[in-house]
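>>> please find the sequence and the predicted model below.
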Amino acid sequence: MNKISIVTPTFNEEKNIELLCNEVKKQMNNIGLDYEHIIIDNASTDNTESILRKLSEKDKKIKIILNRRNFGPIRSHMYGIFQSTGEACIYMSADFQDPPDLIPKYIEQWKKGFKIVLAKKNSSQETFLMKNVRSFFYKLINKISEIDLTQNTTGAGLFDKDVINDLKKLEDPYPYFRGLLLELGYKYITINFEQAKREHGKTSTSFLSLYDYAINGIIKHSKLPLRIFTLFGFILSLVSILVAIVFFIYKILFWNSFELGMAPIIIGIFGFGGFQMFLLGLVGEYILSIFTHTRKIPLVYEKERINFD
């Protein structure tokens, strides 16, 4: 019988986590498949940890990973998925914005042969500004990256164990999960849903975390910004050299009537600055390549794990 892993990251979800565990149990019992529910807590400062301990005592299918500190959603999320042991892994948040009633829909599409099933929100309760910022980001990254990201996916969905095994081989210490999924080239399908407003607790997502997601996605899947600066530096240097040659010729031809003034200094500043940008861009290419392939640190450090025996 197929075993399904469900992974949920938490941070200060004391009002949501028990409700979610009960709903997941209900959905999986209705489906009739064996499952494990892995919850990875990112050093919550409320009562989430104590609630998780009580839940894991009552239900051995609930497996807990407690991080030593808050490693951020990107690293903790991926680490939790890597601990799954099922034939497929379902990722969902603890705040019910990725509704548990999508679970049977995920599994249905997985049984049809899709290795990746992504949740895609048709609408949400986010502000007009956030909707437009999100739309701009997807348009930008799809223009400059080597892959086309599916707009309005939340990161939630089902991932076959083959997908997870391939992700493990990448050994990326700070992954952009949505981009990596599509980078692998597996056949995927999306399931549309209406994202409800968070009912309990406060979101841990801030402007800085969204900015981090965006920059991480651009850096991991596009070299274009760096190469634009490299090219711009080269062009600026070339133009400065050409202008300097023109000024020099004019000075030779019209020695007494042509005054240089501040022009040589300005040309020198722009020329040197452009050359520096070119060199920095070139060095940046090497640093980016080295950084991508050699920075191997653990995604998280565990304080404790429960029910993994």
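Received it, and whenever you're ready, just let me know what you need. Numbers count the residues shown, from 1 in each chain.

>>> please make it C-alpha for all contacts and neighbour counts, starting now.
Fine.

>>> so Leu118 sits in a helix?
No - counting by DSSP: H, G, I helix; E, B strand; the rest coil, Leu118 is not part of a helix but strand.

>>> quick check: it touching Phe193?
No - between Leu118 and Phe193 there is no contact under C-alpha atoms under 8 Å: 10.6 Å.

>>> neighbour count: these two, which is higher?
Leu118 (23 against 16; other C-alpha atoms under 10 Å).

>>> gap between that one and Lys105?
10 Å (C-alpha to C-alpha, to the nearest Å).

>>> what sits in contact with each of those two?
Ile191 (C-alpha atoms under 8 Å, 6 or more residues apart in numbering).

>>> ok, the nearest residue to Glu13 once chain neighbours are set aside - contacts?
Leaving aside its chain neighbours, Glu13 sits nearest to Thr48 (5.8 Å; criterion: C-alpha to C-alpha, 6 or more residues apart in numbering). By C-alpha under 8 Å, 6+ apart, the contact list for Thr48 reads 10-14, 17.

>>> and those residues, which of them are in helices?
The helices, defined by DSSP state H, take in Ile17 from these.

>>> can you lay out the contacts of Thr48 as JSON lines showing pLDDT and distance to Leu280?
JSON lines is the format used below for the contacts of Thr48 (pLDDT from 0 to 100; distance: C-alpha to C-alpha, whole Å):
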{"residue": "Thr10", "pLDDT": "94", "distance to Leu280": "40"}
{"residue": "Phe11", "pLDDT": "92", "distance to Leu280": "39"}
{"residue": "Asn12", "pLDDT": "92", "distance to Leu280": "42"}
{"residue": "Glu13", "pLDDT": "92", "distance to Leu280": "44"}
{"residue": "Glu14", "pLDDT": "93", "distance to Leu280": "48"}
{"residue": "Ile17", "pLDDT": "94", "distance to Leu280": "48"}
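
>>> let me know the closest of the contacts of Thr48 to Thr85.
Of all the contacts of Thr48, Thr10 has the smallest distance to Thr85: 19.6 Å, by C-alpha to C-alpha.
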